[in-house]
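Asker: A predicted structure for the sequence below; I have some questions about it.
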Amino acid sequence: MDATSDHAPNQPRSFDFCFIHLDYTLVRVEELEGRVTVRATADTFSKRRKEAFLRELAAEGFIADEWPCSLFDGQAELQRVRWLIDRSWVKPDKALAERNHRLVKRFFLPAALGWLAFMYGALAGHGGIRAENPGPNALHPGAYGSR
């Protein structure tokens, strides 16, 4: 897992993680005033894995380590952890998008135009299917078995 942090005064502490072995699930952990919000891009964590992940975050100092034994039981107002499936915080990388557009322009577009030119040359040069003179010994329709 890989983590990055952005922290400013009066803003939630925020850490981003990527779980490659869980279908590249991205997770953002935000802590503000003792409450933790976990935003995952997919529902790939079981309850047991969620609890283990939060315990690991606490052990590594990403969040406060004063968690009760069962983190997700109890009434909603007493829970100090919210686990959400939310993709709204994930933004596409503009540099990556620009690189992909350049790749399409430099490679795929010329390749597609070259293929079209090749197909045009291959098909237009023949002029379609032509019937040739079968010759004097060829069988004619209706003359099977006789010469």
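Answerer: Looks like it arrived, so ask away.
Asker: which residues of this protein score low on pLDDT?
Answerer: Within the chain, the stretches with pLDDT under 70 are 1-10, 66-79, 125-147.
Asker: how does it divide into domains?
Answerer: Domain assignment of the chain by automatic domain parsing yields the ranges 4-85, 92-126.
Asker: Phe53 against Lys47, yeah?
Answerer: No. If you go by C-beta atoms under 8 Å, Phe53 and Lys47 don't touch, sitting 10.8 Å apart. In short, each C-beta sits where N, CA and C put it, glycine included.
Asker: mind listing what's buried along the helix or strand hosting Ala97?
Answerer: Element membership of Ala97 [criterion: DSSP states H and E] is helix 94-103. Using 16 or more other C-beta atoms under 10 Å as the test for burial, helix 94-103 gives no buried residues.
Asker: may I have that helix exported as CSV, CA atoms only?
Answerer: Written as CSV, here are the backbone C-alpha positions of helix 94-103 (Å, rounded to 0.1, in the frame of the first residue of the first chain):
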residue,chain,number,x,y,z
LYS,A,94,-4.3,15.8,-16.7
ALA,A,95,-0.7,14.9,-17.6
LEU,A,96,-1.7,11.3,-18.2
ALA,A,97,-4.7,12.3,-20.3
GLU,A,98,-2.5,14.6,-22.5
ARG,A,99,0.1,11.8,-22.9
ASN,A,100,-2.7,9.4,-24.1
HIS,A,101,-4.0,12.0,-26.6
ARG,A,102,-0.4,12.4,-28.0
LEU,A,103,-0.1,8.6,-28.3
